[in-house]
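> I'd like to go over a predicted model; first the sequence, then the structure.
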Amino acid sequence: MLKNQKIKNKKNIIFVILVNLILVIFLTNFFLEDVRAGGFFEWMITTVFLLFIAPFFIIKNIFKENPKEYFLQNNLNFKNLMTSLGITIIFFAVIVLFVLKLNWQENIRVSSWVIAKDVKIMLFVDLFILPFVVFAKEFFFRGFVMKGLTSVMSIFYAIITQAFLFLVYELGTTGMISGKSMLLILMPNILFGFIAYKNKSIFVSTAFHWIYLLILDIYFYSQFTS
Amino acid sequence: MKKYKKIARICFLALVLFLLKTDYVFAQAQCQVSATKGATVNLERMAECMEDRYGFDKDALRRSVKKEMVPTVEISFNKTNPKEGEKVTALSAPKGFKTDTSNLYYTWYIVHSDDEGRALNTIEAGKREAMGILARGNFDADLFGINYAAIPAALEDEDGFDASYGGLDGVGAKTGNGVGFYDDDPAVMFDADKQIVRYSAITRCYDHNFGKQVSSDNMGDSEEDARAGRDEIVRCSHEFGNCGVGRVGDGDFGVAEEECWGTDPTNADTDGDGVEDEADLAGLNQTQFTWIYRPGDRVGVVIEGTSMIPISEGGETETSTLTGYNVTNPITGVVQTFATSGEASAFCSTFLPDNLNLGDSTISTDMSLFNDGMANYDSCDNSIIEVYGAGVTDDSGELNAYYKIMWATPAICSTHDNSMRLQLSTGAPLSDDKCEPGNSDWGFNYFGTIPVNESGGTILDPELSVIPENPQFDAVEMNVENKRSDLIQINASLSNEGVNEDYLFYQWQIDRCNGNDFSDCEHIVPNASLIYESFTEGMGVRELKFFPTSAIFGALSGLPALAATDNKVWLRATVIVSEHESLAGGTSLDVDGRTVGAVERIYFPVIRNVVGMNLYKAIRDTASGTWRRGPAICDTGLYEDICPVYPYEVLIAETVTADGTPAFDRYNWKINDNSIGAVVNCRIFGGVGCGTAPEEEMFFPVTAGEDSIMSISVSSKRSNATEGSADFVSQRILTVAGPRAVVESVDGNAVATTRFDGTLSDTVYEADNGTTVSFRATVVPRYMSINTDAVQDDDEVDLVWYINNIEVDDDFLVTGNNTMRLNTVLNGDQITFTIPADMTIGTGIDLKARLVKSFSSGGANEYVEMLKDTWGVIDSNTLARDTAISVKVGFNMALAQDVTLKQYLASSISNAPHYLLFIIRLAIAMVLVWSVMFGLSYAVKLNKEL
């Protein structure tokens, strides 16, 4: 009986998480106008509130759990860190070859501040705005969502599922994109899910995610200005 | 001691030698004058002794032939070879005058002559012209709005000048009965030994006989030759000119005379030289004369003054005797004459009151009688005057020392001195130059003139300059006149030190002169006849810029239109420079009442250029394979002024005439001032311009580099005799640059930004987020077009678009749109794309249009081969030129189109609490999230069993 209750309770947690994700997508659209008008701070604040503070509050006050258990711990294992770094390098090497071979680089979404070719704005956003945004997204999808999913499914499916939910979030907030672009969104998020799980910390995946976006911006900026 | 002995011996020897001169020892006894203390010495006797002993008397100096310093004058010029219309100054150098040069009267005269050296005006007219210039300076009654008839008496100046004879300090001219005699003639001589001329004979005015050159005409005329070096008594008369009203130098210079001479009736010193107007006309202190030079001008001057030659005139005394006394009867008023003063006094005493006892008590009753009597006596006594008989003249008096009044001119009348003389068109000499054929004038001064061909000093003077030196009016393009005409620029420069020209007031005026008569110029109405590119008056307006128009050759008020075949007109630019706003009416005076300012003029010709030049493209005749003249280019709009061409382009230039002249027989084509020859490669070029072409057409390649200026000009001459002297220069300016695109917004969604200077930018546009914008590329030069097929023709260019430096090709249109979310579409010469909705304000997208010009190659007459075979051009590379713009995200289009104060306030109100509203919305969102989550957790009983 208790076991059934716990299972049901876990399913309810998944339900709450999914409802929360839908609610976040819904509410984010109310702030897109501010973001598209060049509101980098609005973008950061909205993302942090909806993807970090709100789930943090749910974990602590509704789930009655310790948020640190959602991969917020920072006692990192060096071996796992090196493993993650190695996998990331291999992964990106494969991805780069894959993209270049198929000439898919045009399917990677380029940030508006890179299109604008304004290096000052690009550096400001990448160094001071992007880390908080990436951290909030990592906490929501790799912490809040993926940790919740692991209660009802294996870690493998949890990683895959959170990547798809991330894609749903992107589609829900920025509109439809091509299949190739969807694939190029899914693959890095699977990697980041693995890294977060491997290190039991979203700080590592946040760092890798941030560096990934940073490299993309620099690459396209160099393309536009060459 | 030895030294003193030597000196003593020398003195002794000198004494012995002196004593051996016996003439001094034995003087004539009758001239020995001895006197003791207190005795009177007879000076007259002493003088006689001196005369007898030394051989001279008191009149010896008078009889001696003196080395006379006869007044003469030389003229020099400040410019040796002046140009027509240039200002020239003649300088006088008087000699032999006792009068200071500033007190002499300089009567200048100018004689204009034609190409054959024949005088065009008389001496009298020349005096009138020169005197007017000297008195007026640059004053112009019409320019200053002077109405002589309406000058109030209160404003009339006092500028009369009574010219005394012999210069300003000359006195003593008189009438005399010896006019025409030499002063050594016995008829006028009073004392031949003493060389004293009779006082009553002389006038004190003389003409010096310089003698005449010996020739067969006067050989052996001893009487005439003997008079050389003598002075002839002449009637005293000034040599001033007259204008027909009044007389110069009479001290009366009214408004009528002012009008006659053109001087300012409200300004005593019209030309501001410190000499009042009538004195100016009399030539007082006018040591130099400045005028506008015309070829053939000759100048002379006659100077009046007191010479250094004294007059030996006998003094004249007049004596008279007292004949009686006149007394006026106080009662009857009758004048009576008495022989002595006593008789006159006795007569007056009869009016005294008689038998009056001043002690009588009744005297009071008789006081009225007493008073009447005393009054009559006083009146009578006061009326006594002396009466003298007629005077007796005695011309044997003492010598009256004075100096001869004389005139100096730069020439002496002689049969052999025709080099300085002028003849009229009839061949006869000038009638009023005082050098009539015959003996009467030979040897004397006459009104000679000298041409401007001598070097002189430099006169510093404010001047105007004209750029270009020989401006042209383009008569070819009448409908777009001024486009190719020269922009005439007149600059005023002041040599004054310490004057800030930026704070001076300049007033400009352009006049047209009648032919080459610089004294007959009429004002050109600005708006009708000239197109000004600068202000015509104002502070610091040191430049006047204008385009000539056809109207300057037409009829003006007071001037007829130029003949159709006359292509040269003289313009006169006048500038009034003053420290005040205007000199009109002479009202701009300083605290001392002097006019503050200067008037300067310059004369310059404007040529009506009837030769124009058209440009054509070179096209290849597909049938013959040769190159020939194609369509005209740069024949409308701004391209007429500056024609854009590109490197290695081959053009044809052809002359055209505006007056129907069929052809010119002489051409000189130049590119960048370097003469070029005709194309002789007839294998490639057909038709005119090939081989023995008449050179009215010229093929030429554009070989200048990118972004350079190139000019092609042609100098031509009329083939007919009447216009043979007219040189015409026609020029076209070419800007060399590769074909370039002008990128413009098509739909107006992208709006050109405004530069700091208020002009619209052609490189930076602004558009709103999410806006679809379209741009079109237009080719410059416009006579080219964008290639739309696989083969680029010679007048076509290829267009390539770039977005953020990435070429917009087929791949970009498929994949690039996904990357940058621009939805780019190409349509001919247009490109359309959408600004991403999330682009930051202030950032933007770079758009670039690249035009590529390739030159056809292959075959005998293809473009590259044609350039190489004809002109040796081997580096004709493909040309590519970019035009880049940027589209920034900057503003709300709706607000930008109609920004009002209300909208501005509304925008401020809506934006100011933006973050506050944002936070409130975010807080509501958070509350909504937590509320939903709490509600959901309770609904699913999430923690009930936990």
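Received the coordinates, thanks.

> Verify the stated contact: B:R628 with B:T622.
No. If you go by C-beta atoms under 8 Å, B:R628 and B:T622 don't touch, sitting 11.0 Å apart. For glycine as for every other residue, the C-beta is placed from the backbone atoms N, C-alpha and C.

> Tell me the pLDDT of B:D280.
B:D280 carries a pLDDT value of 91.

> Measure how buried the closest residue to it other than its chain neighbours is and give me the count.
In space, and not counting its chain neighbours, B:D280 is closest to B:A135: 3.9 Å by C-beta to C-beta, 6 or more residues apart in numbering or on different chains. The number of residues packed near B:A135 is 30, by other C-beta atoms under 10 Å in any protein chain shown.

> can you pull the contacts of B:A135?
Going by C-beta atoms under 8 Å, 6 or more residues apart in numbering or on different chains, B:A135 touches B:261-263, B:270-271, B:277, B:280-281.

> what do you get for B:L322?
Here B:L322 is in contact with B:386-389 (C-beta under 8 Å, 6+ apart).

> one more time with 10 Å
Taking C-beta atoms under 10 Å, 6 or more residues apart in numbering or on different chains, we find B:L322 in contact with B:339-341, B:386-389.

> Show the residue spans covered by the helices in chain A.
All helices of chain A, identified by DSSP state H, fall at A:2-36, A:40-48, A:54-57, A:78-102, A:112-115, A:119-124, A:130-137, A:146-149, A:155-174, A:179-199, A:202-225.

> could you dump the ones you listed to TSV with mean neighbour count?
Shown next, in TSV, are these (neighbours: other C-beta atoms under 10 Å in any protein chain shown):
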stretch	mean neighbour count
helix A:2-36	16
helix A:40-48	20
helix A:54-57	22
helix A:78-102	13
helix A:112-115	26
helix A:119-124	15
helix A:130-137	22
helix A:146-149	26
helix A:155-174	18
helix A:179-199	20
helix A:202-225	19
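
> could those go into TSV alongside distance to chain B?
Listed next are those as TSV, based on distance: least, C-beta to the nearest C-beta, whole Å:
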stretch	distance to chain B
helix A:2-36	4
helix A:40-48	6
helix A:54-57	5
helix A:78-102	11
helix A:112-115	5
helix A:119-124	6
helix A:130-137	13
helix A:146-149	12
helix A:155-174	8
helix A:179-199	7
helix A:202-225	4
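
> Which one, of the ones you listed, ends up nearest to B:N177?
Closest approach to B:N177 among the helices of chain A (C-beta to C-beta): helix A:119-124, 111.7 Å.

> and that closest one, what other elements does it pack with?
helix A:112-115, helix A:202-225 (3 or more C-beta pairs under 10 Å, 6 or more residues apart in numbering or on different chains; DSSP states H and E).

> Filter the contacts of B:A135 down to the ones in strands?
Among those, DSSP state E puts none in strands.

> Which secondary structure state does B:A173 sit in?
Using DSSP: H, G, I helix; E, B strand; the rest coil, the structure places B:A173 in coil.

> any idea how far the nearest residue to B:L822 once chain neighbours are set aside is from B:V825?
Leaving aside its chain neighbours, B:L822 sits nearest to B:F833 (4.1 Å; criterion: C-beta to C-beta, 6+ apart). Going from B:F833 to B:V825 by C-beta to C-beta, to the nearest Å gives 7 Å.

> do B:M698 as well
46 Å.

> who's more crowded, the two?
Counted by other C-beta under 10 Å, B:M698 and B:V825 do not tie: B:M698 has more neighbours, with 24 against 15.

> So that one sits against B:A618, correct?
No. Counting by C-beta atoms under 10 Å, B:M698 does not reach B:A618; the two are 11.3 Å apart.

> In contact with the residue nearest to B:L822, which residues?
B:771-775, B:801, B:803, B:808, B:816-817, B:820-826, B:845, B:847, B:887.

> one step back: including mean pLDDT, could the helices and strands packed on helix A:119-124 go into TSV?
Formatted as TSV, the helices and strands packed on helix A:119-124 follow (pLDDT from 0 to 100):
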stretch	mean pLDDT
helix A:112-115	75
helix A:202-225	87
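
> Please name whichever of those helices is nearest to B:S349.
Between B:S349 and the helices and strands packed on helix A:119-124, the tightest spacing by C-beta to C-beta is seen for helix A:202-225, at 136.9 Å.

> out of the contacts of B:L322, which is most surrounded?
Among the contacts of B:L322, B:S341 has the most neighbours (other C-beta under 10 Å), with 14 neighbours.

> For that one, give me its contacts.
Applying C-beta under 10 Å, 6+ apart, the residues near B:S341 are B:322, B:324-325, B:327, B:384, B:386.

> can we see that at 6 Å?
B:S341 makes contact with B:Y325 under the criterion C-beta atoms under 6 Å, 6 or more residues apart in numbering or on different chains.

> What distance do you get for it to B:F347?
For B:S341, the distance to B:F347 equals 11 Å [C-beta to C-beta].

> from the contacts of B:L322, which is closest to B:C380?
B:S341 (13.0 Å).
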